[in-house]
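Undergrad: Just need the structure, nothing else, for what follows:
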Amino acid sequence: MQKDELKVNLLKCKSCGGNLKFSPDDKKMKCEFCRNLEDVEYKTTFQKHLYSSEAEDKKAYEKFKEENKLFRCTNCGASIYLNALEVAKSCPYCSSPCVADESEMAGLVPDAIIPFKFSSEKASKVYKQNVKKKRFIPNVFKKQPPIDEIKGIYIPSFAYDADSFTTYNGRLGYNKTRRGLNGRMETYTTYKNISGSYTMQHKNVLVETSSHIDQINFNAIKPFNENELVNFDTKFIMGYSVEQYNQSLSACKSIAQNMMESCIKSNILHMYSYDFVDRYSQQTTYSNEKFAYYLMPTYRINFKYKKKNYTTFMNGQTGKVGTGIPLSWVKISFLTIFILLIVISIILAIYLS
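TA: Numbering: from 1, shown residues only. Alright, predicted model coming up:
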């Protein structure tokens with residue numbers, strides 16, 4: 001199904017008429033040609049919304065996902081197709097940054113955004129510096145991390161708040177040692193039943209909803225400094241790739257609640273000392289549920305190493321590099337053997353004492 005042409009925004013320089021893109025290094029709009037700078041307004045008046053099943057227009061959103069989307073570059077006149085959920089991209093013919101008008105974004109419109117902290121030119125240097133801090137990667141790779149492509153993309157994300165009340169019960173195990181009748185040390189196990197209730201406030205539980213990255217890789221580049229969130233403005237995404245969310249608000253809420261429950265469980269068990277968990281269960285109810293739709297700055301790095309293609313991601317605000325980098329199994333093996341030797345030495349010391 002074909003849609004009429006999208007309305008698009010293309011900002012022009014007041015000095016020379018050139019294209020304006022957001023410059024993270026200057027924190028302003030910058031002309032590609034005369035380097036003139038124009039201000040961007042940084043507002044922080046956005047608020048979270050109370051969650052309800054009617055919070056999004058699902059019919060309009062599903063229709064938006066199914067349609068082919070077309071816009072005409074206002075700089076060179078080329079007709080450009082947007083893939084799937086894209087709402088912003090650079091023209092492949094003249095590199096002009098084109099962004100769909102907010103009225104064209106079916107479903108929810110972003111509430112806030114964390115603008116990129118550094119440009120793609122600086123991203124290469126930041127990436128190499130931070131890769132060299134990682135352990136268990138090959139020395140050759142660490143010395144000169146390869147880069148074939150760096151692309152700045154904004155990851156659509158839902159942030160959830162909630163108050164939770166949890167009741168729990170379980171049994172914890174304790175491994176103990178004693179001297180047996182034969183004079184040797186032996187181990188035995190004791191147990192302790194636990195139960196109670198636990199309340200918690202959850203703030204900005206962040207769930208990605210993008211075709212570019214999954215939650216595991218997204219978690220690997222978190223956290224983001226949410227104090228730097230500002231009101232969404234299409235100026236911030238000029239020159240970057242952006243897509244609408246690819247999972248519904250309710251589906252992401254379920255993911256967020258799983259993350260909350262995992263945090264609740266960890267906090268509860270942290271109140272006790274134990275050697276292992278024999279059994280555990282919890283029941284949680286939520287209240288005062290809110291959400292907001294954010295765009296998070298991320299660099300996708302593609303590279304080839306030893307004839308194999310890799311993709312990793314880097315936080316476009318903090319520079320934290322995620323997973324997807326080749327590992328040195330030699331280094332990992334040596335560490336594993338070293339740990340095993342220590343454990344064996346401790347066990348022998350206990351039994352021979």
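
Undergrad: When you work out contacts or count neighbours from here on, use the C-alpha atoms and nothing else.
TA: Will do.

Undergrad: remind me which residues of the stretch 51-200 of the chain are low pLDDT?
TA: When residues are selected by pLDDT under 70, those of the stretch 51-200 of the chain lie in 53-107.

Undergrad: show me where the stretch 1-150 of the chain has strands.
TA: Applying DSSP state E, counting those that start in this stretch to the stretch 1-150 of the chain gives strands spanning 8-9, 20-23, 28-31, 37-38, 49-50, 69-72, 79-82, 86-90, 97-100, 112-113, 149-179.

Undergrad: Including distance to residue 226 and mean neighbour count, could those go into TSV?
TA: What follows is the strands of the stretch 1-150 of the chain, written out as TSV (distance: least, Cα to Cα, whole Å; neighbours: other Cα atoms under 10 Å):
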stretch	distance to residue 226	mean neighbour count
strand 8-9	27	20
strand 20-23	20	25
strand 28-31	20	22
strand 37-38	25	18
strand 49-50	17	14
strand 69-72	32	20
strand 79-82	30	16
strand 86-90	23	21
strand 97-100	24	26
strand 112-113	9	24
strand 149-179	10	18
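
Undergrad: Pipe these into JSON lines and attach distance to residue 134 per row.
TA: Listed next are the strands of the stretch 1-150 of the chain as JSON lines, based on distance: least, Cα to Cα, whole Å:
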{"stretch": "strand 8-9", "distance to residue 134": "41"}
{"stretch": "strand 20-23", "distance to residue 134": "29"}
{"stretch": "strand 28-31", "distance to residue 134": "33"}
{"stretch": "strand 37-38", "distance to residue 134": "37"}
{"stretch": "strand 49-50", "distance to residue 134": "39"}
{"stretch": "strand 69-72", "distance to residue 134": "41"}
{"stretch": "strand 79-82", "distance to residue 134": "37"}
{"stretch": "strand 86-90", "distance to residue 134": "32"}
{"stretch": "strand 97-100", "distance to residue 134": "35"}
{"stretch": "strand 112-113", "distance to residue 134": "29"}
{"stretch": "strand 149-179", "distance to residue 134": "19"}
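
Undergrad: Show me where the stretch 251-353 of the chain dips below the pLDDT cut-off.
TA: By pLDDT under 70, the low-scoring segments of the stretch 251-353 of the chain are 347, 350-353.

Undergrad: which residues of it fall in strands?
TA: For the stretch 251-353 of the chain, the strands defined by DSSP E, counting those that start in this stretch cover 276-305, 308-315.

Undergrad: Make CSV from the ones you listed and add distance to residue 238 and mean neighbour count to it.
TA: Output for the strands of the stretch 251-353 of the chain, formatted as CSV (distance: least, Cα to Cα, whole Å; neighbours: other Cα under 10 Å):
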stretch, distance to residue 238, mean neighbour count
strand 276-305, 13, 17
strand 308-315, 18, 18
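
Undergrad: I'd like those laid out as TSV, including distance to residue 232.
TA: Output for the strands of the stretch 251-353 of the chain, formatted as TSV (distance: least, Cα to Cα, whole Å):
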stretch	distance to residue 232
strand 276-305	8
strand 308-315	19
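
Undergrad: Minimum distance to residue 226: which of these has it?
TA: Closest approach to residue 226 among the strands of the stretch 251-353 of the chain is made by strand 276-305 (9.7 Å; Cα to Cα).

Undergrad: Tell me which strands that closest one pairs with, and in which orientation.
TA: Strand 276-305 pairs in its sheet with strand 49-50 (antiparallel), strand 112-113 (parallel), strand 149-179 (antiparallel), strand 308-315 (antiparallel), by DSSP bridges.

Undergrad: pLDDT of the first one, averaged?
TA: Confidence over strand 49-50 (mean pLDDT, whole number) is 92.

Undergrad: Residues contacting that strand, please?
TA: Identification of contacts with strand 49-50 by Cα atoms under 8 Å, 6 or more residues apart in numbering yields 288-292.

Undergrad: just the second one next, same as before
TA: With contacts defined as Cα under 8 Å, 6+ apart, strand 112-113 is touched by 46, 229-232, 292-296.

Undergrad: can you count the residues close to residue 226?
TA: Counted by other Cα atoms under 10 Å, the residues lying close to residue 226 total 12.

Undergrad: For it, give its distance to residue 345.
TA: To residue 345, residue 226 is 46 Å away according to Cα to Cα, to the nearest Å.

Undergrad: out of the strands of the stretch 1-150 of the chain, nearest to residue 259?
TA: With Cα to Cα as the measure, strand 149-179 is the member of the strands of the stretch 1-150 of the chain nearest residue 259 (10.6 Å).

Undergrad: Can you name the element that comes right after that closest one?
TA: Downstream of strand 149-179, the next assigned helix or strand under DSSP states H and E is strand 185-208.

Undergrad: Who are the packing partners of that following strand?
TA: Packing contacts for strand 185-208, counted by 3 or more Cα pairs under 8 Å, 6 or more residues apart in numbering; DSSP states H and E, involve strand 149-179, helix 215-221, helix 249-270, helix 329-352.

Undergrad: Including distance to residue 142, could those go into CSV?
TA: Formatted as CSV, the helices and strands packed on strand 185-208 follow (distance: least, Cα to Cα, whole Å):
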stretch, distance to residue 142
strand 149-179, 18
helix 215-221, 19
helix 249-270, 33
helix 329-352, 13
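
Undergrad: Point out the one among these that comes closest to residue 35.
TA: Nearest of the helices and strands packed on strand 185-208 to residue 35, taken as Cα to Cα: strand 149-179 at 20.3 Å.

Undergrad: how far does the closest one sit from the chain's center?
TA: Distance, stretch centre to chain centre, for strand 149-179: 16 Å (Cα atoms, centre = their mean, to the nearest Å).

Undergrad: relative orientation of that strand and helix 329-352 in degrees?
TA: With axes from the mean of the first three to the mean of the last three Cα atoms, to 10 degrees applied, the angle from strand 149-179 to helix 329-352 works out at 10 degrees.
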